[in-house]
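>>> below are the sequence and a predicted model for it; my questions follow.
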Amino acid sequence: MFNLFPLKLPSLGLLTTIIAMSASFATAQGISFDEPIDSLDEEVDACLASEGVSVLPDTKTICYNAAIFPGQFLQLADMDPADRIIITSPGGNVATARMMSRILDQRDEPIVIAGQCMSACAMVLVPGADELWIHHSAHISVHGIVMMGFDQWFGWLKDGEDATKSERILAGLGYNFPYTLHKSGQDHMIDHLKGQGVDADYIEIVSDRMLADALNHDCRVDPNEYWGMIDAAHLKRFLGDRIAHMERFAQSWSDPVNTVYKDVTVPIAEQTYIFQRDYNEAGCAASD
């Protein structure tokens, strides 16, 4: 469960200009954002220019610019204590991300989200952080309509067809492998949020919103190919005092700050989008 598209992030100087231009949007949202910090910008810039897991030169800042795989987060576990960990990630498997979240809990250092925080990064690492910083370059997005039950999931893939009693039984016993994978991710999400003391609505609300947006769109793709942006109001509602610092970051697809994925995605609503490749492969472009 991670995004295979490369991140193309504009310079932090350009992002700072865009942030200033969109100040009225933040005011309309009724949200107060923290001002960018020059020293943090420099570290984020260096981190986004790097790859893998490393300590930024002349600092005690760890840069984790990688997918969530065992090799990378086990490397993180062995590193010396740091002042902060800057995380940029296209995501990874939810179960694997839970292991990384436990490592972050044990390290107990401030977590800075910068650049792309997709899939399991948004769904596991963000709600698992005890001291969370959101940099203005952040793009935080949930992967897939993860909270679908079997009947809805089955009907979605079968053009509205109802599952038979035997198909429901087989799914309940774990013999429908694609649904078992879907349900496993769902169960991991719920268990993780419960263990972190975060209400399950953190993911349920975004999943339901993506489902409603998908139902209102003429063409559908696989449930796993929808992406739902998380905004500041959502983070504040569910993470509260865990957020130590939050700068003005991308709130919606059309938000001027959202400069990361517009060239390779198709919006079906303000906070729900599909990658162009998946949209085309589902034949949706032809139906527009």
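Noted; the coordinates are in hand. Numbers count the residues shown, from 1 in each chain.

>>> read off the pLDDT value for the closest residue in space to R248 that isn't next to it in sequence.
Distances taken as C-beta to C-beta, 6 or more residues apart in numbering put F33 closest to R248, at 4.3 Å, once the chain neighbours are dropped. Yep, even glycine has a C-beta here, placed from its N, CA and C like the rest. Looking at F33, its pLDDT is 95.

>>> so F33 versus L125, what's the distance?
Noted for F33: a distance of 21 Å to L125, by C-beta to C-beta, to the nearest Å.

>>> more neighbours, those two?
Higher neighbour count among F33 and L125: L125, with 28 against 18, using other C-beta atoms under 10 Å.

>>> assign the residue nearest to the more buried one when sequence neighbours are not counted to helix, strand or coil.
Spatial nearest neighbour of L125, excluding adjacent residues (C-beta to C-beta, 6+ apart): S101 at 5.8 Å. Of the three states, S101 takes helix under DSSP: H, G, I helix; E, B strand; the rest coil.

>>> and S101, how many neighbours does it have?
Residues near S101, counting by other C-beta under 10 Å: 23.

>>> likewise for V264?
Counted with other C-beta under 10 Å, residues neighbouring V264 total 14.

>>> pretty sure it is touching D278, no?
No - using C-beta atoms under 8 Å, V264 is not in contact with D278; the gap is 10.2 Å.

>>> all strands in the stretch 1-150 of the chain, in order from the N-terminus.
52-55, 61-65, 84-89, 111-118, 132-134, 139-143 (DSSP state E, counting those that start in this stretch).

>>> okay, those in CSV with mean pLDDT next?
Output for the strands of the stretch 1-150 of the chain, formatted as CSV (pLDDT from 0 to 100):
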stretch, mean pLDDT
strand 52-55, 96
strand 61-65, 98
strand 84-89, 98
strand 111-118, 97
strand 132-134, 98
strand 139-143, 96
